[in-house]
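Asker: need a structure here:
(one chain, ligands or ions: 1)
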Amino acid sequence: MKLHGFWRSTATWRVRIALAYKGLDHEYVAVDLLTDGGAQHSPEHRRLNPMAQVPVLEVEDGQPLTQSIAILEYLEERHPSPPLLPTDPLQRARVRQLTEVINAGIQPLQNTGIQRHLDALGVDSAAWIRHFVGKGLVALEAMTRPLAGHFSVGDALSFADLTLVPELAFARRFGVDLSELPTLLQIEANCAELECFKRGHAEMQPDAPR
Ligand SMILES: N[C@@H](CCC(=O)N[C@@H](CS)C(=O)NCC(=O)O)C(=O)O
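Answerer: Sure, this is the predicted structure:
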């Protein structure tokens, strides 16, 4: 498999943790989202992902798979052990519920393309991000609190943790107030102990600035 990504892309980061957790070898192709407007807009990358985004995971016969959560679902079905979803249907739905709060409710408001367009419109993109990411994480804290154990849903690692950890790193970079998120911060600390989170971390990637 070949993963096209960017070191600090939160969506790529989710996939990296899953690949590390499941012990799946892959080649990494760095797509620089920033220099000269971003390599995500090149014709070669757009052929892989017409949305001009990362991640893209080339799977069987080099077929490009996009959308990080679809990629996680694919990896889970293809390589179910060790699992990243519970077996109980309601618990599985809970994992997906928390995952989508970030994937559908927060991250689309913060990505590089949005920031660039806000800046072009003369809007303070950093203030926009602090507002929407802060509001989303406060809601996520309230939704996670009754479900959490060692991780977001009980004591088993899941997609919800893989989306949470990169999002908190993003929020910190933008100075979002994290003081009201004790449950999420404890889960983040628990995840940080695991090898897959160490290997998946943005700063461990070959395209991260040294
Ligand atoms: N829903 C997509 C979101 C992908 C996404 O927003 N990727 C960002 C990096 S985290 C990106 O490529 N941004 C480039 C841009 O907006 O120009 C997924 O989960 O894969």
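Asker: so which bits of this protein are right by the ligand?
Answerer: 9-11, 33, 38, 40, 52-55, 67-69, 103, 111-113 (Cβ under 6 Å from any ligand atom). For the C-beta atoms, the positions are set from N, CA and C on the backbone; glycine is no exception.
Asker: in helices, which of these fall?
Answerer: 10-11, 68-69, 103, 112-113 (DSSP state H).
Asker: ranking by neighbours, what's the top pick from those residues?
Answerer: residue 68 (30 neighbours; other Cβ atoms under 10 Å).
Asker: how about it, what does it touch?
Answerer: Residue 68 makes contacts with 11-12, 14-15, 55, 103, as judged by Cβ atoms under 8 Å, 6 or more residues apart in numbering.
Asker: ok, the ones in helices among the residues of the chain next to the ligand vs residue 25, which is closest?
Answerer: Closest approach between those and residue 25, by Cβ to Cβ: residue 68, at 19.1 Å.
Asker: burial of residue 126, as a residue count?
Answerer: Residues near residue 126, counting by other Cβ under 10 Å: 14.
Asker: revised request: answer the last question for residue 149.
Answerer: So residue 149, with other Cβ under 10 Å, has 11 neighbours.
Asker: am I right that it is in contact with residue 160?
Answerer: No - Residue 149 is not in contact with residue 160 according to Cβ atoms under 8 Å; the separation is 11.7 Å.
Asker: quick check: pLDDT value at residue 74.
Answerer: Per-residue pLDDT puts residue 74 at 98.
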